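A.B. asks: need coordinates for the below:
(4 chains)
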Protein chains: 2
Amino acid sequence: MISVLVVDDHPIFRSGIRAVIGTQPDLQIAADVGSAEDAIAYATDHCVDVVLMDLRMAGMGGAAGTAVINALTNPPKVIVFTTFSSDGDITAALDAGARGYLLKDAHPDDICDAIRRVAAGGAVLAPVVAERIVDRNRTTTSDQLSPRELHVLELLAEGLANRAIAQRLHLSETTVKTHLAHIYKKLDVDNRTAAVVTASESGIIRTVDRL
Amino acid sequence: MISVLVVDDHPIFRSGIRAVIGTQPDLQIAADVGSAEDAIAYATDHCVDVVLMDLRMAGMGGAAGTAVINALTNPPKVIVFTTFSSDGDITAALDAGARGYLLKDAHPDDICDAIRRVAAGGAVLAPVVAERIVDRNRTTTSDQLSPRELHVLELLAEGLANRAIAQRLHLSETTVKTHLAHIYKKLDVDNRTAAVVTASESGIIRTVDRL
DNA sequence: GTCGGCCTCATCCGTTCGGATGACCGCGTC
DNA sequence: GACGCGGTCATCCGAACGGATGAGGCCGAC
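C.D. replies: Numbers count the residues shown, from 1 in each chain, chains lettered A, B, ... in the order given. All right, here's what the predicted structure looks like:
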C-alpha cells in the first residue's frame, strides 16, 4: 500500500485527489494539507511514500517545501503537481529534488500511474514538461543567459531605465548596456520591451503571480 | 433539488466538485464536461439550474461559452469558477452574463452556498473580485484607457517600436507618441517597458496564457 | 451651441537607447 | 602559458524615445 500526502491550497483540488486515489486499492491518502509548511510538519512526524505537491502556494511555496522535505532523513518522494509549466517553475522543482512534474490537466489514471512509478523509484515528467526541458537544452547550450545577465533582465522587467539598473547593481551604465546587448542577442530581440515580453513568455523570468 | 453542470478541463477538479457537491442533500451534479463546447451542447439538450464554468480552457473558453449559454431560451445561471482574477477575466465573465465569480481556492461550503444563492436568483462575487471591481471603478473614472490607447498598449506589449505600431495602426508616429504619453500618465509610469509590466500586472492586458 | 473628450498630426528639444569598437581583469580549461 | 568566457568599463554616434506645445476635426453631453 502506497501512502500519499497531498499538498495544495485549493480544498476542491484536494477533494478531487481524494476521490481519484480513493478508488485505487493500492493507494491511500495519508493526509491532505493546504501549505508547504504543514506538509513539512506532517512529513517530519509521519511516514509517507509519496508527496503530491502544488508549486504556487501562499507562504514558502512548493519548491522550497520540496527542498526541505528532501532534506529529511529517509524522505518521501515528491511529485510536483501544478498548473504551470514555465521554465522557472520546472527548474525550481527539479532543483529542489522533485521526482516528478505533473500538470493538473492530467488524467486521473496518469496520476495514479505516476504515483506508483515514483514510489517504485522511478521519475515521471508530463510530456509538455519533458519537451520544455529538451527545448531548453537545445537552445541553451549557447543561448543561456549568464547569472549577471539574468539579474539585469529581472530589473529590466521592472521597467527600470539603464541608469536605475546600474545603481541597483552598483555598476556603470556602460556595463548595463553591454549586458543588455548580450541579452538582446541571446533572446533574438532588438529592444528592452521585447526582451521582457519574450523572457516572460518563455518562462525565463516570472513576471506576476496573479491568482 | 438544484442540478449543476460542471465545466472544467481538469478532470481532477471535476472529481473534487463531485465529491463536494455529492455531500449536499439539496444539490446534485447533472453532468461534468471538459470544454465550453460540450457544456453548450449539454445545456441545450438538458435542463440544469446552475453551470459552474471554468474560464481558461482550450477551445472557445469559458467567457464565450457563458455568453452562448446565456443566449439559450430559459438559460441556466452561470457561475464562473476559475483560478484567475485579472480585470480582463472578470470583465469578460461579467459581460458574458455570469451571475457569480468564484476563485478556486474557495472553501467547499462557500461554493455550495454560492450555488444555492445564484439558483435563487442572487449573484455572488468572491471578495477579491468584488474588491477589484470597486478599485477599478475608483481609479477608472478618469484613468481608464480609451479603446485606441488600449490598442496601442497591446502592440506595445508585443515589443513593437513606435514606427511599427504606427504602421500596424495606419497612423503617424506622432499620434502613436501622443497615445503613449497619455498611457504613461494614466498608468503612472514613464517608459514603455514599465507600461507593459504594470498593464500586465493589473490585468489590463493579457500577456501570456501559459498552462 | 458650447464644452469636453477622443483621435489625429506637426515641430522642437533633450534624454535615452542600441550598436560598434576596444580594453582590462579574473578564472578555468586545454 | 595561451585561450575562451564572463564581467567590468570607456567613447562615439545615430536612432529611438519622452515631453511640451499647438492645432484641427468629430461627437456626445449639458
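A.B. asks: count the neighbours of residue A:168 for me.
C.D. replies: Applying other C-beta atoms under 10 Å in any protein chain shown, we find 15 other residues in the vicinity of residue A:168. (Glycine included, C-beta is placed from N, CA and C.)
A.B. asks: so it sits against residue A:158, correct?
C.D. replies: No: using C-beta atoms under 8 Å, residue A:168 is not in contact with residue A:158; the gap is 9.2 Å.
A.B. asks: any part of the helix or strand hosting residue A:14 near chain B?
C.D. replies: Using DSSP states H and E, the element containing residue A:14 is helix A:11-22. Yes: applying C-beta under 8 Å from any C-beta of the partner chain, one finds helix A:11-22 touching chain B at A:11, A:12, A:13, A:14, A:15, A:16, A:17, A:18, A:19, A:20.
A.B. asks: then stretch A:61-68?
C.D. replies: No: using C-beta under 8 Å from any C-beta, stretch A:61-68 stays clear of chain B, with a minimum separation of 14.5 Å.
A.B. asks: and the residue nearest in space to the middle of chain A, what pLDDT?
C.D. replies: Nearest to the geometric centre of chain A sits residue A:89, at 2.4 Å (C-alpha atoms, centre = their mean). Looking at residue A:89, its pLDDT reads 78.
A.B. asks: next: residue A:146.
C.D. replies: 78.
A.B. asks: quick one, phi psi at it?
C.D. replies: phi -70, psi 160 (degrees, to the nearest 10).
A.B. asks: residues contacting it?
C.D. replies: residue A:182 (C-beta atoms under 8 Å, 6 or more residues apart in numbering or on different chains).
A.B. asks: try residue A:19
C.D. replies: B:15, B:16, B:18, B:19.
A.B. asks: export those residues to CSV and tack on distance to residue B:191 and pLDDT?
C.D. replies: Output for the contacts of residue A:19, formatted as CSV (distance: C-beta to C-beta, whole Å; pLDDT from 0 to 100):
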residue, distance to residue B:191, pLDDT
B:15, 47, 92
B:16, 44, 92
B:18, 50, 93
B:19, 50, 92
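A.B. asks: from those residues, which single one is nearest residue A:57?
C.D. replies: Set against residue A:57, the nearest of the contacts of residue A:19 by C-beta to C-beta is residue B:16 (16.5 Å).
A.B. asks: for that closest one, which non-adjacent residue is spatially closest?
C.D. replies: Of all residues not flanking residue B:16 in the chain, residue A:16 sits nearest, at 3.0 Å (C-beta to C-beta, 6 or more residues apart in numbering or on different chains).
A.B. asks: near DNA strand D, which residues of chain A show up?
C.D. replies: A:146-149, A:169, A:171-175, A:177-179, A:191 (C-beta under 7 Å from any atom of the strand).
A.B. asks: isn't residue A:157 right up against residue A:198?
C.D. replies: No: between residue A:157 and residue A:198 there is no contact under C-beta under 8 Å: 11.0 Å.
A.B. asks: about what we covered before: I'd say the residue nearest to residue B:16 and residue B:8 touch.
C.D. replies: No: the criterion here is C-beta under 8 Å, and residue A:16 misses it with residue B:8 at 9.8 Å.
A.B. asks: residue A:102 - how many residues pack around it?
C.D. replies: Residue A:102 has 22 neighbouring residues, counting by other C-beta under 10 Å.
A.B. asks: same check on residue A:183?
C.D. replies: Residues near residue A:183, counting by other C-beta under 10 Å: 21.
A.B. asks: with residue A:115 instead?
C.D. replies: Residue A:115 is flanked by 25 other residues according to other C-beta under 10 Å.
A.B. asks: ok, now residue A:35?
C.D. replies: When neighbours are counted by other C-beta under 10 Å, residue A:35 registers 19.
A.B. asks: if we can go back for a sec, buried ones among the residues of chain A next to DNA strand D?
C.D. replies: A:149, A:171, A:175, A:179 (16 or more other C-beta atoms under 10 Å in any protein chain shown).
A.B. asks: that older thread, shared neighbours, residue A:16 and residue B:8?
C.D. replies: Applying C-beta under 8 Å, 6+ apart, one finds that residue A:16 and residue B:8 are jointly contacted by B:14, B:17.
A.B. asks: got the buried residues for the helix holding residue A:14?
C.D. replies: For helix A:11-22, a neighbour-count test (16+ other C-beta under 10 Å) marks A:11, A:12, A:13, A:14, A:15, A:16, A:17, A:18, A:19, A:20, A:21 as buried.
A.B. asks: show me where chain A has strands.
C.D. replies: For chain A, the strands defined by DSSP state E cover A:2-7, A:27-33, A:50-53, A:77-82, A:100-103, A:124-125.
A.B. asks: for residue A:27, list the residues it contacts.
C.D. replies: By C-beta under 8 Å, 6+ apart, the neighbours of residue A:27 are A:1, A:2, A:4, A:21, A:112, A:115, A:116.
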